[in-house]
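Participant: for reference, the sequence and a predicted model appear below.
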Amino acid sequence: MRSTTWTDLLETARWTPSPHNIQPWRLEIRGADVAELACETERLLPATDPTGSFTAAGLGIFIETLAISARSRGADVLAELHDEPLRMNGRALIPFARLRLVDGAPDELEPQLIEQRRTSRLPYDGREVAAEVLAAVTRIASEWGHTTSFTSDPAVVASVLDLNRQTLFYDLTDEEARNEIGRWLRFGRRSAAATRDGFSPQALGFPGWLLYLFFHHHRAFELPLVRSAVDRLYMRTMAGTRTIGLLQGPFETSEDWMRAGRMLARFWLTLTRHGVQLHPFGSIITNRDANRSMRRLLEHDLRYGTPWLVMRLGHSAEPPRSHRRSADELLVR
């Protein structure tokens, strides 16, 4: 018998990951069993996510974490997508989905995993991810109509890591993209704790002063010696990576994006259960030239759909936790 409230579920679901930790979700409770999920317009990423696909996938992860939390209480969450474009339109909130609480069965994933899950940008310890773990997440992807491919070939892994480094720094030479990402950077512990969103220096693994210089005096980083030093510092955080993964499948419509996010929630939490970290490489997907290079490196097959997530997988020390807004802040009053 179910016994839960939307605010109960929000306390867990607020730990959902999102692009740049933007946390775009807002929930309006319409009744004990009905709520409206909306996207906060000012948290959209028109420069780096112009279609809203990755923001929509993040909202899908949020829906699935609500559902996982509900299932531990004898309930479940059904979602009816509104299919409104996630773009700047003058409104504060964009309706995303109507959510309903219904009776449900237990889930194999425990809600505690949602709070345990973190993105690790730390060095990994050099171990490959166990074959049985990769098989488990492959099954999850398949259940949602997606396919996976993994490689531990040292040459391919090194090439993907270098491609990500090149793409990340190239993208940040674009003023529009740099300004948008810069909005979500917090350059010290105090500012990160005050906003409770965005990237903290601890989460990124870079000193706050270096991030500040990079985003406010980026031309200095075009000097060969400075760029070389930053490249080396960045690649140190990639040390020990032995496994690279690719997810591909339906990723063309709002429904696709939401479903991909719901699948990714289960994929990521299953890795968490096995002590495996996931670090997504978003720039490789969104940068057109890098995307083509990635397809060649990973021998992408068009029959398996759109490649929409490249990631490194492995084992690291416990990553620092990014801040999150409170459940109360996420409610529409």
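Facilitator: Yep, it's here.
Participant: could you use CA atoms for every contact and neighbour count after this?
Facilitator: Will do.
Participant: quick one, strands of the protein?
Facilitator: 25-29, 34-40, 75-81, 93-103, 147-151, 243-249, 277-280, 306-314 (DSSP state E).
Participant: counting by contacts, list what the longest one packs against.
Facilitator: What that stands for is strand 93-103. Judged by 3 or more Cα pairs under 8 Å, 6 or more residues apart in numbering; DSSP states H and E, strand 93-103 is in contact with strand 34-40, strand 75-81.
Participant: listing partners with orientation, what would you give for the last one?
Facilitator: To tie it back to what came earlier, the one meant is strand 75-81. Its sheet considered, strand 75-81 pairs with strand 93-103 (antiparallel) by DSSP bridges.
Participant: before we move on, the earlier item: just the helices and strands packed on strand 93-103: most buried one?
Facilitator: Looking across the helices and strands packed on strand 93-103 with neighbours counted as mean count of other Cα atoms under 10 Å, the highest average goes to strand 34-40: a mean of 21.
Participant: how's the chain carved up into domains?
Facilitator: Using automatic domain parsing, the domains assigned to the chain come out as 6-116, 131-314.
Participant: what pLDDT, on average, does the longest one get?
Facilitator: This means domain 131-314. Domain 131-314 shows a mean pLDDT of 90.
Participant: just the helices from the protein, written as ranges.
Facilitator: For the chain, the helices defined by DSSP state H occupy 6-13, 53-71, 112-116, 131-143, 154-171, 175-182, 189-195, 201-204, 208-216, 224-237, 254-273, 282-286, 288-297, 327-330.
Participant: roughly how far is the fourth one from the heart of the chain?
Facilitator: Read it as helix 131-143. The chain centroid and the centroid of helix 131-143 are separated by 19 Å under Cα atoms, centre = their mean, to the nearest Å.
Participant: just want the angle from it to strand 243-249.
Facilitator: Angle, helix 131-143 to strand 243-249, by axes from the mean of the first three to the mean of the last three Cα atoms, to 10 degrees: 10 degrees.
Participant: list the contacts for residue 126?
Facilitator: Neighbour list for residue 126: 239-242, 314-315 [criterion: Cα atoms under 8 Å, 6 or more residues apart in numbering].
Participant: can you list those in JSON lines and add distance to residue 156 and neighbour count?
Facilitator: Converted to JSON lines, the contacts of residue 126 look like this (distance: Cα to Cα, whole Å; neighbours: other Cα atoms under 10 Å):
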{"residue": "239", "distance to residue 156": "14", "neighbour count": "15"}
{"residue": "240", "distance to residue 156": "14", "neighbour count": "17"}
{"residue": "241", "distance to residue 156": "11", "neighbour count": "24"}
{"residue": "242", "distance to residue 156": "10", "neighbour count": "23"}
{"residue": "314", "distance to residue 156": "16", "neighbour count": "24"}
{"residue": "315", "distance to residue 156": "19", "neighbour count": "22"}
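Participant: residue 238 is in contact with residue 124, isn't it?
Facilitator: Yes - with contact defined as Cα atoms under 8 Å, residue 238 reaches residue 124; the gap is 7.1 Å.
Participant: follow-up on the earlier one: go through the helices and strands packed on strand 93-103 and name the closest to residue 59.
Facilitator: strand 34-40 (8.0 Å; Cα to Cα).
Participant: quick one: that closest one to helix 6-13, angle?
Facilitator: Using the same axes, to 10 degrees: strand 34-40 against helix 6-13 is 40 degrees.
Participant: strand 34-40 pairs with which strands?
Facilitator: Partner strands for strand 34-40, per DSSP bridges, with pairing direction: strand 25-29 (antiparallel), strand 93-103 (antiparallel).
Participant: the inter-axis angle of the longest one versus helix 254-273?
Facilitator: Right, strand 93-103. Going by the same axes, to 10 degrees, strand 93-103 makes 60 degrees with helix 254-273.
Participant: pull out the buried residues from strand 93-103.
Facilitator: 93-101 (16 or more other Cα atoms under 10 Å).
Participant: got the strands of the chain as CSV, with distance to residue 135 columns?
Facilitator: Shown next, in CSV, are those (distance: least, Cα to Cα, whole Å):
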stretch, distance to residue 135
strand 25-29, 32
strand 34-40, 33
strand 75-81, 26
strand 93-103, 30
strand 147-151, 10
strand 243-249, 12
strand 277-280, 15
strand 306-314, 14
